[in-house]
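Visitor: I'll drop the sequence and a predicted model, then ask my questions.
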Amino acid sequence: MKARLVLCLFFLFSYAVSYAQETTVKGTVTSAEDQFPVPGVNVIIKGTSRGTSTDFDGNYSLKVSKGEVLEFSSLGFRLVSVTINNQTTVNVSLEADVEALGEIVVVGYGTQKKADLTGAITTIKAEDIEKTPASNVMQSLQGKVAGVQVVGVGSPGDSPKVRLRGVGTFDGSSNPLYVVNGMFYDNIDFLNTSDIESVSVLKDASSSAIFGQKAAGGVIIIQTKAGKLEKRPEFVYNGYSGYQFAQNVLKMANAEQFTTMAYESGSQPDINKIQSAIQRFGRSRVNPNLPDVNTDWYKEILRPATISSHSVGVNGGGENVNYSVGANYFSQDGILDMKNEYERFNIRNSVDVKVSDRFKMGSNIVFSNATKYNAEDAAWFQAYFAVPVLPVYDPLNTMAKPVDYSDATRLGYRNSQNPFPTMRYNENQLKIRKLLTNIYAEYYFIPKKLSIKTSYYNDYSSIEERNVRLPYFISENSQREISSIRKAQATYSNQIWDNVITYKDNFGDHGLTVLGGTSYRDEAVHNLSATGEDITGIVYESSWYLDFADKDSFKGNVSDNGGRVYGVSYFGRAEYNYKDRYLLNATIRAEGDSKFTANNWLYTPAFGLGWVLSEENFMQDNGVFDFLKLRLSYGKLGNGSLGRSSGTRTVSIVQTDIGDQPVSGIVSTSNFSNLKWEVTEEKDFGISARLFNNRLTLEADYYIRTTDNAVIPVIQPISNEIVRKNAGVFRNQGIEVSLDYNQMLNENWRFNIGANFSTLKNEVIRLADNQEYIDGGSFEFRQRTQVGHPIRAFYGYEVVGVYQNATEVQNDPIAVANNLVPGDLKFRDVNGDGILDADDRVVLGSYLPSFMYGGNLGVSYKNFDFSVNVSGQSGNKILNRKRGEVVYTSDTNMDADLAINRWHGEGTSNSYPSSAGLRKGWNQNLSSYLIEDGSYFRVQNIQLSYTVKSGSLLGKNMPETRLTFTAERPFTFFKYNGFDPEVQDGIDRQTYPVPAVYTMGINIKI
């Protein structure tokens, strides 16, 4: 017993002595190349799982015993080991590992060293993505990647429009393919920005070809965060809260301007309506000639809106297992003052298990549960047109129920105009649930050389819609007598099973990677919807079910449909380099699709060549280039987003008279679309360089992307029917340049600055034989696809001025022939025949920008970090259809710019018509008067942050904390007469404006 007691005391004493010998070691890890701090470096006590990682500024702190060895490791750097004796400060400088450099660049079905890339690939890191407070990851790429256009959205939960290198299809989708942890998606609205590790944008066909038909619009690969082996558990909280505000709110004509124009027009009905407003609402005390009403409708329907995000996560790993677990709650209200909001809760889990030295497996699961209330976008349209002499509420409208909203028809106007019934008596709820899973197993037949990997991906999504229309009465022209409810259920099940064999080896100066694989896909969709009317107990949300609707109202209002598509693909890729100097990348993919009856199978080859000049002897010690590579790539892609072949062939017996005698005959017509693949062919010439001791990086590309066999609508001869055929050729070409410069001035100061720009020329090369153009849009607002011009360009008359006086009118035969007067628009007579007709219409511009740019500036001083991002574009046009809608009714308001700058006497305007002219059909023709410049410059993001080092503020138990203030889109400068120049397809009718966002955030690591 005594022996046991002595033994226990000995062990306790030994433990106490060893514990007493533990000391806290601190230090900073920097890069030997540029002396920049390196965050995320693993600092592990050798032979144990104890350790930490460096913070944002490369600092670490760890308790270590004498004699233990600290190992500093990070991807792209060589391992450094330091034995601890009596040191309390250990600063480490990591040297770049040439073999590991660039391994973080993710490509199709694998990774590549950045130095070995032959395609046009840009990677955005997690810290740049997290700066943007938004529901969708793609919003954070705005202005950051040359050649990528991200058109923002304002409605909560909506996804921005993303275009890579223009538009190359008329009938299909130009959206990029999103690849998240290997799975294919059309939309990534389920992802939380805090879960993202990196985003790689594959812009050229040679980089995208291995993904096949879904990659015609480019590919965006997203890797979510994962744990690391031999890393202690790390808990991270990342959150922010803030407000959104409508910016650059469009000024509308006020009551005085509107009344002035009504009297100027000479229209007695318009004058009578002003008098009716005075009689109903009284006279203004400031100006008795005006009604005592001056409603700013945009001010009435707008509100400040909250936005917040809260994420927690734990990641780490042991000797054989690494993991990452997290959850996120995101909430965003809309700036439209109605039930308009988005709420999402995400759970993710990632686990990788090293079963043996040759075998590993893992899984990644994301569950997303979102509720979205869609805005009634018609409210934006109504607010633009609502006259300012009408109040929101009208106490004299005693018949209105349940709320005494005003109605413009009470004053004699033809429409109600008040947007509040639209906002208050409609509710559209979506419940969006997604379960995204993937599991893989990888076995090495030859360690580090030959492996086989099998992966299964499943994306199961469901969307439940509940669209309720509540009853109300405002006036005889604005009412809903019977309530209604529409319920819809859509389920999607997409499965992919990939099998890939990869061989990697080095033979002296030769490096070779070869992979081959198969991919099986199964895509299914099912839709069920029903609409019922006359809901019992409609005032209670508990009655908002079809069971409470009139059973007879379902007739003809129920639909049930679905579809399923299968596919098998085969692909291969070979990567070869000689002395890290001469590079070759070749890809082939074969796949079939039942949509294309003329040719089910398509083979898409691609290759890339690279020459690293900086490795040549004549470039050694050149004093400028640390790395210089020339790139050349070529590839083909099929477009799988098109609709399937369809239609009929018919034979009809007809009778006609020939020589006064009835004759029978046969007419054969074909309305069958026997489609082939659209094929995109792309050439890319690029330069990659690092200069001046690796402080300056340069990426530049020139590309030509041509879509052949483009599916377009073709008018059939004789029958005059329209059928879809492979008859078009479209082309996009441009230049992309990115520059980034980093420098550390001293131990306290460092900065970085970057810029990127791109050009785009979108052009129709060929249409069907004997077909000069394809008309789109409506008759009043024409768009035309024409050889030599962009796809769906705006098409109309060119305004050359405004007729100023009677003499000018009399001297113009066109003005005389059309009974024009001073104040009417003057259109250009293109063919000079003295007659203005349809032949004088011209292309007025495209919604696609011809020039895009972005920039960033970052400055750090000790624990403070400040960054600014800017973006902009030019060369694109916007159809201000709101102004043009006067073609349907003149009983509306107008924007203040038009009211102020209208023609109201000789010399007052040479751009806008007079008050009377606005009501004339001549001035309502689609012309450059309605087509406006969509150029803008925006301060995209401003962020100021302060990092509190671990234990530096409240003692040793204080976790590492980062505080941030972010302003997203605080300033936008543009000329367009709207809230915002970001209009997805260039037609502004009822566009939800993109708000400015201001947030305060905190990041805590334990």
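Guide: Thanks, I have the structure now.
Visitor: could you list the low-pLDDT ranges of the stretch 601-750 of the chain?
Guide: Counting by pLDDT under 70, the stretch 601-750 of the chain shows low-confidence ranges at 643-673, 717-720.
Visitor: Three-state assignment for Val82, please.
Guide: Secondary structure of Val82, reduced to three states by DSSP: H, G, I helix; E, B strand; the rest coil: strand.
Visitor: from Leu70, how far out is it?
Guide: Distance from Val82 to Leu70, counting by Cβ to Cβ, to the nearest Å: 5 Å. C-beta: built from backbone N, CA, C; applies to glycine.
Visitor: report all helices and strands that the helix or strand where Phe345 lies contacts.
Guide: Using DSSP states H and E, Phe345 sits in strand 341-354. Secondary-structure packing of strand 341-354 (3 or more Cβ pairs under 8 Å, 6 or more residues apart in numbering; DSSP states H and E): strand 321-333, strand 359-374.
Visitor: among these, which comes closest to Glu885?
Guide: Of all the helices and strands packed on strand 341-354, the one in closest proximity to Glu885, counting by Cβ to Cβ, is strand 359-374 (22.5 Å).
Visitor: note down every partner strand of the closest one and its orientation.
Guide: Here strand 359-374 is paired, per DSSP bridges, with strand 341-354 (antiparallel), strand 426-446 (antiparallel).
Visitor: deepest-packed of those, please.
Guide: Each of those was scored by mean neighbour count; the highest is strand 341-354, a mean of 19, by mean count of other Cβ atoms under 10 Å.
Visitor: and the angle from that strand to strand 321-333?
Guide: Here strand 341-354 runs at 180 degrees with respect to strand 321-333, directions being taken by axes from the mean of the first three to the mean of the last three Cα atoms, to 10 degrees.
Visitor: and strand 341-354, how far out from the chain middle?
Guide: Between the centre of strand 341-354 and the centre of its host chain there is 21 Å, according to Cα atoms, centre = their mean, to the nearest Å.
Visitor: then it to CSV, C-alphas only?
Guide: Output of strand 341-354 as CSV, limited to C-alpha atoms (Å, rounded to 0.1, in the frame of the first residue of the first chain):
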residue,chain,number,x,y,z
GLU,A,341,-38.2,38.8,-46.7
TYR,A,342,-35.8,35.8,-46.8
GLU,A,343,-34.7,33.5,-44.0
ARG,A,344,-32.4,30.6,-44.3
PHE,A,345,-30.9,28.0,-41.9
ASN,A,346,-28.0,25.8,-43.0
ILE,A,347,-26.2,22.9,-41.5
ARG,A,348,-23.1,21.4,-43.0
ASN,A,349,-20.8,18.5,-42.2
SER,A,350,-17.6,17.4,-43.8
VAL,A,351,-15.6,14.4,-42.8
ASP,A,352,-12.5,12.7,-44.3
VAL,A,353,-11.1,9.5,-43.0
LYS,A,354,-7.7,8.0,-43.8
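Visitor: tell me which residue is most central in the chain.
Guide: Central residue check for the chain by Cα atoms, centre = their mean: the C-alpha nearest the mean position is that of Pro160, 3.3 Å away.
Visitor: and Val98, what's its pLDDT?
Guide: The predicted local distance difference test score for Val98 is 48.
Visitor: how about the helices in the stretch 1-150 of the chain?
Guide: 2-21, 126-129 (DSSP state H, counting those that start in this stretch).
Visitor: equivalent analysis for the stretch 201-350 of the chain, please.
Guide: Secondary structure of the stretch 201-350 of the chain, counting by DSSP H, counting those that start in this stretch: helices at 205-208, 255-265, 268-281, 297-301.
Visitor: so of these, which one's packed in deepest?
Guide: helix 205-208 (a mean of 30).
Visitor: what helices or strands is it leaning on?
Guide: Judged by 3+ Cβ pairs under 8 Å, 6+ apart, the packing partners of helix 205-208 are strand 601-612, strand 625-638, strand 679-691.
Visitor: any weak-confidence spans in the stretch 1-150 of the chain?
Guide: By pLDDT under 70, the weakly predicted segments of the stretch 1-150 of the chain are 1-21, 33-34, 47-49, 75-76, 97-104.
Visitor: all strands of it, in order?
Guide: Taking DSSP state E, counting those that start in this stretch as the test, the strands found in the stretch 1-150 of the chain are 23-31, 42-45, 51-53, 59-64, 69-73, 80-83, 92-94, 105-107, 110-112, 121-125, 148-151.
Visitor: swap in the stretch 601-750 of the chain?
Guide: The residue ranges that make up the strands of the stretch 601-750 of the chain, judged by DSSP E, counting those that start in this stretch, are 601-612, 625-638, 649-658, 661-670, 679-691, 696-715, 722-744, 749-759.
Visitor: please compute how far stretch 90-98 lies from its chain's middle.
Guide: When distances are taken as Cα atoms, centre = their mean, stretch 90-98 is centred 38 Å away from the chain's centroid.
Visitor: what's the answer for stretch 687-705, then?
Guide: Between the mean C-alpha point of stretch 687-705 and the mean C-alpha point of its chain there is a distance of 25 Å (Cα atoms, centre = their mean).
Visitor: quick one: secondary structure of the residue nearest to Gln804 when sequence neighbours are not counted?
Guide: Ranked by Cβ to Cβ, 6 or more residues apart in numbering and with sequence neighbours excluded, the top spatial neighbour of Gln804 is Glu906, at 4.7 Å. Judged by three-state DSSP, the three-state class of Glu906 is coil.
Visitor: list phi and psi for Glu906.
Guide: Geometry field for Glu906 lists phi and psi as phi -60, psi 130, criterion degrees, to the nearest 10.
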